[in-house]
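Chemist: Predicted model and sequence follow; I will ask about them next.
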Amino acid sequence: MKMGKGLLLVISGPSGAGKGTICKELLERDQNINLSISATTRSPRVGEVDKVNYFFLDRDKFQEMIIEKEFLEYAEVYGNYYGTPKEYVLQKLDEGKDVLLEIDIQGALDVKDIYPNGVFIFIMPPSMEELKNRIEKRGTETKEAMIRRLESAYREIEYVFKYDYAVLNDEVNLAVDKIESIIKAEKCKVNRQQNIIERI
């Protein structure tokens, strides 16, 4: 029987909501999920491997790929480009593998324009107070930076209505359980089971 397409899982949320922790746990639980590999024009850091941590590209090649519309999304950050190569993601999906993309909100909305069949999940903090506590625990922010992060979080949460699902991250295991339930439900959708239905 021909294998169906994999799911493109796009996970976003404000800084401190716990996206990274949730994604790490999800990848450990489900071997069928592949983490999307981004492309970048920055130099590799010590220990980073091309095509494993990133696709390391020179600026000319990256700009050529932008012109050829070879990215699901891209952005320039501090003078370097970062983007999600379309070919890598679509190849994995065609192989029946699920692909996980942990990305900022603007990037997620760009992906949605190009690949609306993805599953878009917004990670919500239990409260803004808890979000503030989590950022403070990192111990990396000045008071001014903390205020900017919280202001940004308030703005970002307004975008939740552009997503398919909102998952409250009050406890990581429960949040991951919910995402696994979302994946199961999405795979039961009629439009994702054309091959099975035709065979029956």
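Modeler: Alright, I've got the coordinates. What you see is a predicted model, and the numbers here were worked out from it, not measured in a lab.

Chemist: can you pull out the strands in the chain?
Modeler: For the chain, applying DSSP state E gives strands covering 8-12, 33-35, 39-40, 55-56, 71-77, 80-85, 98-102, 119-124, 165-168.

Chemist: now these as a markdown table including distance to Ala145, mean neighbour count and mean pLDDT?
Modeler: (C-beta placed from N, C-alpha, C; glycine too.) Output for the strands of the chain, formatted as a markdown table (distance: least, CB to CB, whole Å; neighbours: other CB atoms under 10 Å; pLDDT from 0 to 100):
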| stretch | distance to Ala145 | mean neighbour count | mean pLDDT |
| --- | --- | --- | --- |
| strand 8-12 | 21 | 24 | 97 |
| strand 33-35 | 28 | 17 | 96 |
| strand 39-40 | 24 | 20 | 97 |
| strand 55-56 | 29 | 17 | 96 |
| strand 71-77 | 17 | 18 | 95 |
| strand 80-85 | 21 | 20 | 96 |
| strand 98-102 | 22 | 21 | 97 |
| strand 119-124 | 21 | 22 | 98 |
| strand 165-168 | 25 | 17 | 98 |
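
Chemist: Quick check: which of those is nearest to Lys178?
Modeler: Judged by CB to CB, the one of the strands of the chain that comes nearest to Lys178 is strand 165-168, at 5.0 Å.

Chemist: that older thread, quick one: closest of the strands of the chain to Glu144.
Modeler: Nearest to Glu144 among the strands of the chain is strand 71-77; the distance by CB to CB comes to 20.4 Å.

Chemist: got the contact list for that closest one?
Modeler: Residues outside strand 71-77 that contact it (CB atoms under 8 Å, 6 or more residues apart in numbering): 39, 62, 65-66, 81-86, 89, 101, 103-104, 106-108, 110-111, 114-115.

Chemist: If we use 10 Å, what do you get?
Modeler: The contact list for strand 71-77 (CB atoms under 10 Å, 6 or more residues apart in numbering) reads 8, 10, 36, 38-42, 62-63, 65-66, 81-90, 101, 103-104, 106-115, 118.

Chemist: pLDDT weak spots in this structure?
Modeler: Within the chain, the ranges that satisfy pLDDT under 70 run 1-3.

Chemist: mind redoing it with 90?
Modeler: Counting by pLDDT under 90, the chain contains low-confidence ranges at 1-5, 15-16, 77-78, 128-150, 152, 191-200.

Chemist: where do the helices sit along it?
Modeler: 19-29, 59-67, 86-94, 105-114, 128-138, 143-157, 172-187, 194-199 (DSSP state H).

Chemist: So which of the strands of the chain is nearest Cys188?
Modeler: Proximity to Cys188 (CB to CB) singles out strand 119-124 among those, at 12.5 Å.

Chemist: Quick one: residues contacting Asn80.
Modeler: 40-43, 59, 62.

Chemist: Tell me the spacing between Lys19 and Asp94.
Modeler: Separation of Lys19 from Asp94 (CB to CB, to the nearest Å): 26 Å.
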